[in-house]
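Peer 1: Show me the folded form of this:
(chains A and B)
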Amino acid sequence: MASEKASSGVAFKGTPEQKEQLLAVIAEKKDEPGALMPILQAAQGIYGYLPIEVQTIIAEEMDVPLEKVYGISTFYAQFSLYPKGENQISVCLGTACYVKGSGQVLERIEKELNIATGQCTGDGKFSLDACRCVGACGLAPVMIVNGDVYGRMTPDQVPGILAKYK
Amino acid sequence: MYRSHVLVCGGTGCSSSGSGAILEAFKKEIQAHGLEHEVAVVQTGCHGLCALGPIVVVYPESTFYSQVTLGDVPEIVSEHLLKGRIVDRLVYKEEEEDNSVKSFNDTDFAKKQHRVALRNCGVINPESIDEYIGTRGYEALGKVLTEMTPEQVIDIVLASGLRGRGGAGFPTGKKWQLARVLVQDGGPKYVCCNADEGDPGAFMDRSVLEGDPHVVLEAMTIAGYAIGANQGYIYVRAEYPIAVERLNIAIGQAREYGLLGKDIFGTGFDFDIELRLGAGAFVCGEETALMTSIEGKRGEPRPRPPFPAVSGLFQRPTILNNVETWANIPQIILNGPEWFAAMGTEKSKGTKVFALGGKIANTGLVEIPMGTTLREIVEDIGGGVPNGKKFKAAQTGGPSGGCIPAEHFDVQVDYEHLAELGSIVGSGGMIVMDEDNCMVDIAKFFLEFTVDESCGKCTPCRIGTKRMYEILDKITKGKGTLEDLDRLEALAKYIKDNALCGLGQTAPNPILSTLKFFRKEYEAHVVEKRCPAGVCKSLLQYRIDPDKCKGCTACARKCPVSCISGTVKQPHVIDQSKCIKCGTCMETCKFGAISKG
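Peer 2: Model (predicted):
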């Protein structure tokens, strides 16, 4: 995937505090049945993504093979193996948004930022993803920047919204 | 006691439109007028009319204010709440010239609805267990635990005729009965709630979780008693942060009140519920995949049999029901199975919630008795297709469903009738499309989705959906042949019969139903190399009408690839071999001389 190439060169910069938090989460959940998913979710919350270094810690602490952890982290769309941009943009491509033209909104953002969906801009300012239904179908088409929802989007509104985050 | 209640919608739609700030503003403004002991401000769940958010309803008048802004709040407080004068200009009106001030329940949108699963959404504060109890909440659980045997509970659910609202429509009571009787070894059993609402365009489960979370907890506890389980799991999408938060609050409150945990109602029955968050995999809405995911593994489905009633979560007997199914249970217990079975059609009982979206005036959630016609839903409740466009089709069931064309506009919406048309009720997504939507493009859109979401375990789905997508892509690019249509159909039928789980088995539905009802549109793409709806870019041509062109040169100056030529005051021409179909010329032309098709 293009996104993997675009950002895989970023070195892992985990801090001791983050590791301590992670170990605490593992200690707390380790013995619950099916704990691996909640632990991976918590780890992504702590680090922002799941670099192989973090997956290795989890595998060792949980005493499961790394390949099992990797199998899970690559199966689910929510887990990211690479860091995201400072500002995270996602455009809903759910059916309701799609039939109302969210594809054109996405295209316009790609053009404005000069990146493809799934990539991060060179300066690390923006990353762009397409997502499936966020459930705000009444506001279709919808784009989300850092959790702020912009509804009833038209391609022409894109530059103005991006400017707010530059 | 308060003399007035201000209900501010806190569903995802209205929150996205800024209802959180409106709620705070109301509190502040009411305090500023010293009304805080007379007027209560309540954050509620979804009212259903998401397109008109943020929504504010003031009781006792039931005045329905729509698209409220921060600037409107002081006026509503000083006029309506202080002086008792309704602010006319902010009240929702169905038509421009409509001067009547209607309460929410009198609107066309609300009138034909019958709210059972959504009865508390938009009415109570979902973060207060007391408000839930105030609307007969947990009464059904009390009745079940103190007056009924597990068999009696199952008999009531069976007699109600309730069928699974997640899509497949399996009789709920039957599912419970199997889980109770098939394995009786005294070992653990589990109750699961499927809140992994993956159909892009459906959001009824989210609304129930956000607007009435306790109903799910109560229903799951009832089921736990019925099948002999002491542990429940709710598997909810991580994309629904508000729902997750409210569920967590509700579980905490229920434990505090002794309605979850040990010895519920002093009857010796123990039951607790844990939340598990999904991580963005559509296949996890399939029951066996969901259970595999709760076990902390890759969410891949398992072959059935064994069915979950025998070997489900952690290889133990398990029932899994969808959020909306759960939301019906307490009322069936309280009002009796006859009450429920009196709604709907012969084989499809009760009501169903649909998420109306796409090209429709009133986007939002509607709950209607099964058997209501598509026309009533779209025209009477949904307000029809906007901008004077013609209704072309309604897509139901998302990536697993099909398109219902205009000639079947009067079909009764229930499990059987939709299946006859090659679609499904599904989880209740209903996307309306008008003449500007291309059906080949829609089929391709859904196939792109299933290709992306196929877990890869079985070959028909992993490779078959990809091949179908490639054929559709070829057709939308004008490179398809008539043989491709036959090949597509054959492949679709093969995958339907051979895929491992529901995802693969239903993935061909969007293709089969559009091929059935819109074959002409496919043929136009293939034979005439034309997209009648003007969506498929490769097949589009922009043309300048020489009679309308004034030769102003505006389009030629704006064209990014300089493919428009002509002299001033003479009709211009587009060089089709260079045109990139960006549409800039059409937007630029002031004389309407440029058309696409």
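Peer 1: and B:Ser454, what is it in contact with?
Peer 2: For B:Ser454, the contacting residues are B:Val283, B:Cys461, B:Arg462, B:Thr465, B:Leu503, B:Gly504, B:Ala507, by C-beta atoms under 8 Å, 6 or more residues apart in numbering or on different chains. Placement of C-beta: from N, CA and C, glycine included.
Peer 1: What sits closest to it if chain neighbours are left out?
Peer 2: Distances taken as C-beta to C-beta, 6 or more residues apart in numbering or on different chains place B:Cys461 nearest to B:Ser454, at 4.8 Å, with adjacent residues excluded.
Peer 1: ok so, going back, so which of the contacts of B:Ser454 comes closest to chain A?
Peer 2: B:Val283 (9.3 Å; C-beta to the nearest C-beta).
Peer 1: quick one, phi/psi of that closest one?
Peer 2: With angles defined as degrees, to the nearest 10, B:Val283 sits at phi -60, psi -20.
Peer 1: Can you report how many residues lie near it?
Peer 2: Applying other C-beta atoms under 10 Å in any protein chain shown, we find 28 other residues in the vicinity of B:Val283.
Peer 1: Tell me how far it lies from B:Gly166.
Peer 2: 14 Å (C-beta to C-beta, to the nearest Å).
Peer 1: And B:Thr267, by the same measure?
Peer 2: Distance, B:Thr267 to B:Gly166, by C-beta to C-beta: 30 Å.
Peer 1: Show me which of those two is the more surrounded one.
Peer 2: A count of neighbours by other C-beta under 10 Å puts B:Gly166 above the other of B:Thr267 and B:Gly166, at 27 against 12.
Peer 1: Can you check the pLDDT for the residue of chain A positioned farthest from its centre?
Peer 2: Using C-alpha atoms, centre = their mean, the residue of chain A lying farthest from its centre is A:Asp31. It sits 27.8 Å away. Listed pLDDT for A:Asp31 reads 91.
Peer 1: Doesn't it belong to a strand?
Peer 2: No: assigned with DSSP: H, G, I helix; E, B strand; the rest coil, A:Asp31 falls outside any strand and is coil.
Peer 1: Now do B:Gly280: how many residues are near it, please.
Peer 2: 19.
Peer 1: do the same with B:Glu523
Peer 2: When neighbours are counted by other C-beta under 10 Å, B:Glu523 comes out with 15.
Peer 1: Likewise for the one 10 residues further on?
Peer 2: Neighbours of B:Ala533 under the rule other C-beta under 10 Å: 19.
Peer 1: what's it in contact with, if anything?
Peer 2: B:Glu435, B:Asp436, B:Asn437, B:Cys438, B:Met439, B:Asp441, B:Glu521.
Peer 1: Which one of the residues in chain B is closest to chain A?
Peer 2: Chain A sits closest to B:Cys50 of chain B, with a gap of 2.5 Å, by C-beta to the nearest C-beta.
Peer 1: Quick check: that residue touching A:Ala140?
Peer 2: No: with contact defined as C-beta atoms under 8 Å, B:Cys50 does not count as touching A:Ala140 (9.6 Å).
Peer 1: can you list residues touching both of these two?
Peer 2: Counting by C-beta under 8 Å, 6+ apart, the common neighbours of B:Cys50 and A:Ala140 are B:Thr363.
Peer 1: Among those two, which residue is more densely surrounded?
Peer 2: The neighbour count for B:Cys50 versus A:Ala140, taken as other C-beta under 10 Å, is higher for B:Cys50 (31 against 27).
Peer 1: Who does B:Gly344 form a beta bridge with?
Peer 2: B:Lys349 (DSSP bridges).
Peer 1: that's a strand at B:Ile319, yeah?
Peer 2: Yes: per three-state DSSP, B:Ile319 lies within a strand segment.
Peer 1: any idea how far B:Phe104 is from B:Thr63?
Peer 2: Using C-beta to C-beta, we find B:Thr63 at a distance of 8 Å from B:Phe104.
Peer 1: got any residues that touch both of the two?
Peer 2: Common neighbours of B:Thr63 and B:Phe104 (C-beta under 8 Å, 6+ apart) are B:Val57.
Peer 1: domains of chain A?
Peer 2: A:2-73, A:87-163 (automatic domain parsing).
Peer 1: Tell me which of these lies nearest to B:Glu127.
Peer 2: B:Glu127 lies closest, by C-beta to C-beta, to one member of the domains of chain A: domain A:87-163, at 18.8 Å.
Peer 1: does the closest one come close to chain B?
Peer 2: Yes: against chain B, domain A:87-163 shows contacts by C-beta under 8 Å from any C-beta of the partner chain at A:92-96, A:98-100, A:131-140, A:142, A:149, A:151.
Peer 1: okay, how far is it across that domain, tip to tip?
Peer 2: End-to-end distance for domain A:87-163, by C-alpha to C-alpha, to the nearest Å: 12 Å.
Peer 1: And it, how far out from the chain middle?
Peer 2: Relative to its parent chain, domain A:87-163 has a centroid offset of 14 Å by C-alpha atoms, centre = their mean, to the nearest Å.
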